[in-house]
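In: Fold the following.
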Amino acid sequence: MITVLCGGVGAARLLDVLLRAAPAEDLVGIVNTGDDLTLHGLRICPDLDTITYTLAGLNNEVTGWGLSGETWRVMEELNLLGGEAWFSLGDRDLATHLFRTQRLTEGATLSEVTAELGARLGCPVTLLPVTEDSLATMLLTEKFGWLSFQDYFVGHHHDVPVTEIEFSGAERCQPSPGVLEAIDMAERIVIAPSNPLISVAPLLAVPGVREALRSRRADVIALSPLIGGHALKGPAGRLLEELGHGATSAGIAHLYADIASTLIIDVSDASEAPLVEAAGMHCVLAPTLLSDPAGAARVTEVLLGG
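Out: Alright, predicted model coming up:
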């Protein structure tokens with residue numbers, strides 16, 4: 001079994017690549033829930049949905065999130081009415097949130113609903129929310145004070161300086177059923193090329209998860225989200241700089257050294273390999289652009305032990 005620690009788009013792409021080389025039943029994704037929100041009375045789980053849609057072949061390949069062939073009639077009408085339309089929900093996507101909210105109201109757990117959505121939409125991989133409890137990524141900004149993740153990411157276009165990140169409620173969370181077992185029983189554990197500070201760190205904030213990874217450190221491989229010191233999309237590079245880690249492979253290594261033994265970095269960052277090794281991680285060079293067939297093949301080879 002290969003267990004992957006997942007954020008959103010980057011993890012979805014990695015799992016999609018791994019799915020071409022490994023049986024679906026051998027893959028498990030532990031997914032961030034710190035981005036989740038309740039809006040219009042609906043429970044919305046962006047990372048779980050992005051990964052489910054991608055692995056089911058239903059995703060919008062242009063944006064990387066949402067559904068293909070989406071329409072926006074409800075949001076257009078809501079905006080005309082003066083409603084809260086800053087967080088866009090497509091018409092097809094709304095059905096997912098309606099279903100989830102209905103099932104949660106009926107007493108189903110988030111894990112159960114995630115499995116039901118995966119089965120009905122055609123996602124072949126087991127996805128586990130990291131926790132079923134309330135976990136909220138919060139960012140302290142110089143201009144607006146504390147913002148929820150979606151206020152920062154969507155409302156302010158992740159374009160305001162951040163001085164601190166915290167994971168509200170984490171100390172009261174329990175890992176979802178199967179999460180610690182998926183770490184303990186895996187032959188290989190992979191940290192997806194997701195944002196280390198706002199996609200992976202919420203997973204590690206749930207009590208028991210970091211400790212479980214430390215116990216399996218020799219079998220944990222992380223894939224850097226940076227290529228040439230830059231993230232392909234999103235605020236990873238800027239946040240790493242703003243919070244003093246540095247948008248470098250060495251910066252990534254210092255964040256992961258206690259839980260992972262190996263870091264895969266892009267060949268364009270080869271000069272940083274000695275710094276990664278000095279941080280206590282074995283460094284592997286590979287073309288890491290997953291949309292490139294050669295890069296995807298090489299990364300898969302390394303992650304599957306080739």
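
In: how near is Ala273 to Trp65?
Out: Using CB to CB, to the nearest Å, we find Ala273 at a distance of 33 Å from Trp65. Using the backbone N, CA and C atoms, a C-beta is placed for each residue, glycine as well.

In: thinking Ala270 is in contact with Ala286, fair?
Out: No: using CB atoms under 8 Å, Ala270 is not in contact with Ala286, being 10.4 Å away.

In: which of these two has more neighbours?
Out: More neighbours sit around Ala286 than around the other of Ala270 and Ala286, counting by other CB atoms under 10 Å; the figures are 20 against 12.

In: Relative to Asn195, how far out is Ala115?
Out: With distances taken as CB to CB, Ala115 is found 26 Å from Asn195.

In: Settle it for me: which of the two has more neighbours?
Out: Counted by other CB under 10 Å, Ala115 and Asn195 do not tie: Asn195 has more neighbours, with 24 against 16.

In: Hmm, Ala236 and that one touching each other?
Out: Yes: here Asn195 lies in contact with Ala236, judged by CB under 8 Å, at a distance of 4.3 Å.

In: Could you find the closest non-adjacent residue to Val125?
Out: Ranked by CB to CB, 6 or more residues apart in numbering and with sequence neighbours excluded, the top spatial neighbour of Val125 is Leu27, at 4.7 Å.

In: what's the neighbour count on that neighbour?
Out: The criterion is other CB under 10 Å. On that basis, Leu27 has 21 neighbouring residues.

In: check contacts around it.
Out: For Leu27, the contact set (CB atoms under 8 Å, 6 or more residues apart in numbering) comprises 1-2, 4, 15, 18-19, 125-126.

In: Distance check, Gly122 against Thr54.
Out: Computed with CB to CB, the distance linking Gly122 and Thr54 is 11 Å.

In: Tell me which of these two has more neighbours.
Out: Neighbours were tallied for Gly122 and for Thr54 using other CB under 10 Å; the higher tally belongs to Thr54 (24 against 12).

In: Can you tell me the number of residues neighbouring Thr300?
Out: Using other CB under 10 Å, Thr300 is surrounded by 19 other residues.

In: For burial, what's the neighbour tally of the residue lying closest to it once chain neighbours are set aside?
Out: Closest residue in space to Thr300, ignoring its immediate chain neighbours: Ala21 at 4.8 Å, by CB to CB, 6+ apart. With neighbours defined by other CB under 10 Å, the count for Ala21 comes to 13.
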